[in-house]
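A.B. asks: Mind looking at a prediction? Sequence and model below.
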Amino acid sequence: MIECDNLTKIYKNGDVETAALKGVSFKIEKGEFVSIIGPSGSGKSTLMHILGALDTPTAGSYVFDGKDISRFSDDELSDFRRDKIGFVFQSFNLLPRTTVMRNVMLPLVYSGKTMEDREKKARACLLQAGMEENKFGNLSNQLSGGQMQRVAIARSLINNPSIILADEPTGNLDTKTSRTVMEAFAELNRQGHTVILITHEMDVAGYAKRIIHVRDGMIESDVTHNNITHNT
């Protein structure tokens, strides 16, 4: 599904150049659950931005289903993000005075679908993300952190994305709630979804079946394991 070859990203500030990525190469197959882990300043966030089509590399290629995304125009990148990527962020990014259902339906506003179809799809995604049905009518600011993240996960599923890209999804959650959210990602992967997780926490990364360690803009290790290991 994904093939990154010699990805390089250089940021310029006047005459000063900073290399955030230094020739990163890897592949991700459909249906994988991959964690990209590294300390602050390692380049993992830059890599996430490129994988999510939020930024483009200075050099190298990012090929998705045979198409070189790194050569796309801004409009093509926007379409790619909308159609192929389901984003889940640390800060949830929900509308606070809007119901759970309407938050999840939001990406379908311009889809041409009827309200009935949008509600049916949102309901299915919320159940898939493990959200309690009796909370569907609540405002998002009435929810716990774990519930808000489940709503965000449901919203990421609404357009049937090829990839769920989660950026530090447990960063604002306590340990117990983090486990429930990560179990939700693991279940989505068991259902066949491709999940890419960006994190700096090893116990969170351990839910994935493959862990890519990034340090100083380069891949330090790339390990696949059969048993998901994490704290219980």
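C.D. replies: Received it, and whenever you're ready, just let me know what you need.

A.B. asks: And the spatially most central residue of the chain, how far from Phe80?
C.D. replies: In the chain, the residue lying closest to the centroid (CA atoms, centre = their mean) is Leu165, at 1.4 Å. Separation of Leu165 from Phe80 (CB to CB, to the nearest Å): 12 Å. Glycine gets a C-beta too; all of them are placed from N, C-alpha and C.

A.B. asks: what sits against Thr224?
C.D. replies: Lys209, Arg210 (CB atoms under 8 Å, 6 or more residues apart in numbering).

A.B. asks: so it bridges to which residues?
C.D. replies: Beta-bridge pairing of Thr224 under DSSP bridges involves Arg210.

A.B. asks: same check, this time on Asp5
C.D. replies: According to DSSP bridges, beta-bridge pairing links Asp5 with Ser61.

A.B. asks: For it, give me its contacts.
C.D. replies: Ser25, Gly60, Ser61, Val63.

A.B. asks: rewinding a little: who are the neighbours in contact with the residue nearest to the centre of the chain?
C.D. replies: Residues near Leu165 by CB under 8 Å, 6+ apart: Met48, Leu51, Gly52, Ile85, Gly86, Phe87, Val88, Ile196, Ile198.

A.B. asks: And His225, by the same measure?
C.D. replies: Lys209, Arg210, Ile211.

A.B. asks: any idea how far it lies from Ser162?
C.D. replies: 24 Å.

A.B. asks: List of residues touching the longest helix along the chain?
C.D. replies: Ranked by number of residues, the top helix in the chain under DSSP state H is helix 175-190. Identification of contacts with helix 175-190 by CB under 8 Å, 6+ apart yields 31-33, 128-130, 144-146, 149-150, 153, 157, 164, 166, 169-170, 173, 195, 197, 204, 207, 209, 228, 230-232.

A.B. asks: just checking, next helix/strand downstream of that helix?
C.D. replies: strand 194-199 (DSSP states H and E).

A.B. asks: re the thing from before, just curious, which of the contacts of Leu165 is nearest to Glu119?
C.D. replies: Set against Glu119, the nearest of the contacts of Leu165 by CB to CB is Gly86 (19.0 Å).

A.B. asks: What strand or helix carries the closest one?
C.D. replies: Assigned by DSSP H and E, Gly86 falls in strand 85-89.

A.B. asks: From the contacts of helix 175-190, which land in helices?
C.D. replies: Gln128, Gly145, Gly146, Gln149, Arg150, Ile153, Leu157, Val204.

A.B. asks: what sits against the fifth one?
C.D. replies: For Arg150, the contact set (CB under 8 Å, 6+ apart) comprises Leu126, Ala129, Gly130, Met131, Val181, Ala184.
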